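> Pasting the sequence and the predicted coordinates here, then a few questions.
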Amino acid sequence: MAVDLRQVLSAFLTLSLFGMLSNMVKHDYFDSSEEAFEAVSSVQIGVIRVEDQRTGDLRDGPWKEIGHELKPCWTKPAPFVEEPKGYVTFSLTTGPGHHELQIANAVTVARFLGATLVLPEIRGNELGESRRFGDVYDEGRFLEAMEGVVRVAAELPAEAAAQPPPVVRIPDGASEAYISAHVAPLFRRTRLVRIAVLFEKSLPIKGVDAVACLTIHAAVALSAELRRAAAGVVDELRSPGRSVEGRFVAVDLRVNQDCSGDELDKKRGCLTPSQAAALLTRAGFGRSTSLYLTQAKWQQGLESLKEIFPRTYTKEDLIDSEEIKRRIFVEGGEELGRALDSYVCTQSDVFLPAAGDVIFGGAVAGKRIAAGRTQVLPYAHVARRCHC
């Protein structure tokens, strides 16, 4: 069942942009791999239960219209006018959901310390593999959004880069009190720190964090080249040859992840292709439904899903930019592919997070809620409150 979360939002202000979902998971998304499909008539979202309100003909899916965009609950922080006292460096790792949180935490730390933030490199899965920030994200937009919030440098000056910076590990959502106690003393001595964000030790977010909201919603966006490629994938999925009435479901599903069905997998919402197919079928989606899978290339393990939903595609089928294809599939640019996936999943009519990646799933769900695209199957935990 696709759930219109605006009913929840109207009573609960908003559940906004993602944050650390694993910190908020207090129940199983799926009681068991079989019971989930028997229980799709209701979905547990936090402490609120949203009952099945499907109406009409469900042969082609319980589609709902896009709602109104939510208004930001935050305003731009007061300008930072002091001269910077040193530098904060960091790296981006794992994927776009993590990236946005890593950037938000780094901006918060640098602003509190009165430091210059150095643009991060994006680390790949292989040792020594890295990309420039501008290879994936819009560097100009980031610099413009950060004006007055924190000073940003493209790289460390030579004198500061002469020796490795001390590394400070902080939990996601670190407060000013935490930064003051655990980061500031070292920074005052060295004038240079490198931070690493620990997501397994996330701290609860209270109220509206204006700096984090500004960073996530206004500062971090795909590079123009990657955005064009992602928008092209969405346009192709909505074309008459690919879909019915221009609608599609995005499924975060990767067959290289082993969904064993144990307790951890159930909490993460990790589904096999056949389980995902069963859930979509029970939710009312028919054979004519078009699916976009975040799996990079087609693999044999996806056949059970395509037997039920013949219009199932991966990015390999849909990207028209040969340059982007080369960077993703030849050069091993997994982070580029995941960034493209994030855009497509945010723009889809319905989203099913089935890969057990709660950071990615929550990032997408939060952006969808803010944009009025509230059809998410079957969980949507988001931690940071940014919209009302």
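Thanks, I have it.
> Go ahead and confirm Glu129 touches Glu334.
No: in this structure, Glu129 is not within contact of Glu334 by C-beta atoms under 8 Å, at 9.6 Å. Just so you know, the C-beta spots here come from the backbone N, C-alpha and C atoms, and that holds for glycine as well.
> Who has more neighbours out of those two?
Using other C-beta atoms under 10 Å as the criterion, Glu129 and Glu334 rank with Glu334 on top: 17 against 14.
> now the more buried one: how far from Ala231?
Taking C-beta to C-beta, to the nearest Å as the criterion, Glu334 is separated from Ala231 by 20 Å.
> For the stretch 201-350 of the chain, which segments count as helices?
Using DSSP state H, counting those that start in this stretch, the helices of the stretch 201-350 of the chain run over residues 210-214, 224-237, 263-268, 273-282, 303-308, 315-318, 322-325, 334-347.
> Pull out the buried residues from stretch 178-197.
With burial defined by 16 or more other C-beta atoms under 10 Å, the residues of stretch 178-197 counted as buried are Tyr178, Ile179, Val183, Ala184, Phe187, Leu192, Val193, Arg194, Ile195, Val197.
> any idea how far the fourth one lies from Val109?
According to C-beta to C-beta, Ala184 stands 9 Å off from Val109.
> Distance of Asn361 relative to Asp341?
You called it Asn, but residue 361 is Gly. Here the distance between Gly361 and Asp341 works out to 11 Å (C-beta to C-beta).
> Name the residues contacting each of those two.
Jointly contacting Gly361 and Asp341 under the rule C-beta atoms under 8 Å, 6 or more residues apart in numbering are Asp252.
> Mind splitting the chain into its structural domains?
Dividing the chain into domains by automatic domain parsing, as the record does, gives the ranges 3-70+223-376, 87-219.
> So which of those is nearest Cys388?
Smallest distance to Cys388 across the domains of the chain (C-beta to C-beta): 5.3 Å, for domain 3-70+223-376.
> Tell me which residue lies farthest from the centre of this structure.
Glu159 (36.2 Å; C-alpha atoms, centre = their mean).
> confidence score at that one?
Predicted confidence (pLDDT) at Glu159: the value is 89.
> likewise Cys270?
In the prediction, the pLDDT value recorded for Cys270 is 78.
> now swap in Arg384 and tell me
The score at Arg384 is 68. That number is its pLDDT.
> now do Thr374
In this prediction, Thr374 carries a pLDDT score of 88.
> Phi, psi for it please.
Backbone geometry at Thr374, expressed as degrees, to the nearest 10, gives phi -100, psi 10.
> That one: how many residues sit nearby?
Each residue near Thr374 was counted by other C-beta under 10 Å, and the total is 24.
> Show me which residues of stretch 244-259 are buried.
Within stretch 244-259, the residues scored as buried using 16+ other C-beta under 10 Å are Arg247, Phe248, Val249, Ala250, Val251, Asp252, Leu253, Arg254, Val255, Gln257, Cys259.
> Tell me the one of these nearest Arg227?
Distance to Arg227, by C-beta to C-beta, is smallest for Ala250 among these, at 16.6 Å.
> Who does the closest one form a beta bridge with?
Going by DSSP bridges, Ala250 is paired in beta bridges with Tyr292, Phe351.
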